[in-house]
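Undergrad: Got a predicted structure here, sequence first:
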Amino acid sequence: MRRSSKDCEEASRKVTQSELLKFAKALGRESKFEADQRLSAFPAALSNYHAALWKWVGMLTPGRVVESLRIHSFYPQPQQAGTLPEDMRRTHVYLFRRAIFLSGMKTGEGFKAGHYRFFADCFWIADQLGDEEVFEAARQHRYGRKPKTGHETARRLKYALIVSWLAGGLWRMASREEQILALHGFWPDAPRSSPDAVLKAQKRLGLGWPI
């Protein structure tokens, strides 16, 4: 059954909000993120981030994965009138988490056990869909070499901005230097980013700053 664009938008927004809470927890900013959500500028920041996020997810998602999800039903169950179908919510959760997982694998996160634990739910769905790219990414890290710093810097920065732009509070920081310090605090093992690099990554992702 083909869902309406309104249902798709509702599903993606619910996923954005729920996954942001997970990011905030992973970054150690749960209480601060709750406070951020009470700021008057937060709704505008959320809308901007949501649009940029799903554009980025779409760029990282092959059409064959989307088509597989359209014909696959996750735990079908009767729906109450006016509620969002559970299979649609799960579809968007998978698209979101798949993109974040694969992006992290390309930036050195695959060498951390916690990365696999955080995205463990992706593997069962990938198996059901025959989404081999998820497993191939893990295989390449098992037998491949760690990417050179110069090759992974731009991808790592995009990944870091997606994860921490809203959940890490970067969107409301007054200066680029403050953002860079925060990024270094979240990923102390990563090379320190330059203001120009952060600006370039931010614009490529479509993240608005200042709000």
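TA: Structure received. Numbering: from 1, shown residues only.

Undergrad: Please count neighbours and contacts with C-alpha atoms only from this point.
TA: Noted.

Undergrad: Residue 208: what secondary structure?
TA: coil (DSSP: H, G, I helix; E, B strand; the rest coil).

Undergrad: Distance check, it against residue 48.
TA: From residue 208 over to residue 48 the distance is 7 Å, taken as C-alpha to C-alpha, to the nearest Å.

Undergrad: and residue 97, how many neighbours does it have?
TA: 19 (other C-alpha atoms under 10 Å).

Undergrad: and if you look at residue 63?
TA: Residue 63 has 11 nearby residues by other C-alpha under 10 Å.

Undergrad: what does residue 59 give?
TA: Residues contacting residue 59 under the criterion other C-alpha under 10 Å number 10.

Undergrad: before we move on, what about residue 210?
TA: Neighbour count of residue 210, defined by other C-alpha under 10 Å: 11.

Undergrad: got a pLDDT number for it?
TA: Predicted confidence (pLDDT) for residue 210: 88.

Undergrad: May I ask you to confirm that it is in contact with residue 171?
TA: Yes: Residue 210 is within contact range of residue 171, at 6.9 Å (criterion: C-alpha atoms under 8 Å).

Undergrad: ok, longest helix in this protein?
TA: Of all the segments of type helix in the chain, defined by DSSP state H, the longest one is helix 5-26.

Undergrad: Name the next helix or strand following it along the chain.
TA: helix 30-36 (DSSP states H and E).

Undergrad: Tell me which residue is most central in the chain.
TA: Centroid-nearest residue in the chain, with C-alpha atoms, centre = their mean: residue 100, separated by 4.3 Å.

Undergrad: separation between the closest residue to it other than its chain neighbours and residue 41?
TA: Residue nearest to residue 100 in three dimensions, not counting chain neighbours: residue 159, with 7.4 Å by C-alpha to C-alpha, 6 or more residues apart in numbering. Per C-alpha to C-alpha, residue 159 is found 24 Å from residue 41.

Undergrad: How about residue 141?
TA: 40 Å.

Undergrad: need the contact list for the closest residue to residue 12 other than its chain neighbours.
TA: Nearest residue to residue 12 in three dimensions, chain neighbours excluded: residue 92, at 5.9 Å (C-alpha to C-alpha, 6+ apart). Listed by C-alpha atoms under 8 Å, 6 or more residues apart in numbering, the contact partners of residue 92 are 11-12, 15.
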